[in-house]
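K.L.:
output the structure for:
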Amino acid sequence: MAVGYTEDAAARMGMFMQVVQPSFPVGIVSRAEALKFLGVSDGPKAMPRLVLLDKAGKPAVSWSWDDAPLRDIGIFPAPVRQALEKLTK
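P.N.:
Residues are numbered from 1 along each chain as shown. Here you go, the predicted model:
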């Protein structure tokens, strides 16, 4: 799932869909709604994020693109895999 939260997300949606041709749901929310849903404070590390949802659709774990697991591509898969394993048990 991808969510656009920038002020111009609606204007960019068509180009995104055309270029990326995602095979997953795509939507638009306000930045305030995204921050509230994720339970994070606004700031330079607030967005973008990789978020894993639990079975109820609530954020279970999330990382800013500046957090170590995502910043270092060498360790990226391990923390995500570990979190997915916990969520799917």
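
K.L.:
let me know how buried L35 is, in neighbour terms.
P.N.:
18 (other CB atoms under 10 Å). The way it works is simple: take the backbone N, C-alpha and C, and place the C-beta from them, glycine included.

K.L.:
phi, psi of the residue lying closest to it once chain neighbours are set aside?
P.N.:
Counting by CB to CB, 6 or more residues apart in numbering, L35 lies nearest to D42, which is 5.6 Å off, once chain neighbours are set aside. With angles defined as degrees, to the nearest 10, D42 sits at phi -70, psi 150.

K.L.:
and what of W63?
P.N.:
phi -130, psi 140.

K.L.:
look at it and report its pLDDT.
P.N.:
Per-residue pLDDT puts W63 at 88.

K.L.:
beta partners of it?
P.N.:
Here W63 sits in beta bridges with L50, going by DSSP bridges.

K.L.:
now do the residue nearest to L35, the pLDDT please.
P.N.:
At D42, pLDDT is 88.

K.L.:
what's the answer for the one 3 residues further on, then?
P.N.:
K45 is assigned a pLDDT of 79 by the prediction.

K.L.:
so what's it up against?
P.N.:
Neighbouring residues of K45 by CB atoms under 8 Å, 6 or more residues apart in numbering: S64, D66, D67.

K.L.:
that one in helix, strand or coil?
P.N.:
Recorded secondary structure, K45: coil (DSSP: H, G, I helix; E, B strand; the rest coil).

K.L.:
the helix-or-strand element of the chain with minimal mean pLDDT pairs with which strands?
P.N.:
Sorted by mean pLDDT, DSSP states H and E, the helices and strands of the chain end with strand 2-4, the least confident at a mean of 73. As defined by DSSP bridges, the strand partners of strand 2-4 come to strand 26-28 (parallel).

K.L.:
the partner strand: what's the following helix or strand?
P.N.:
Using DSSP states H and E, the helix or strand that follows strand 26-28 in sequence is helix 31-38.

K.L.:
what comes up buried for stretch 82-89?
P.N.:
Under the neighbour-count criterion of 16 or more other CB atoms under 10 Å, stretch 82-89 has A83 buried.
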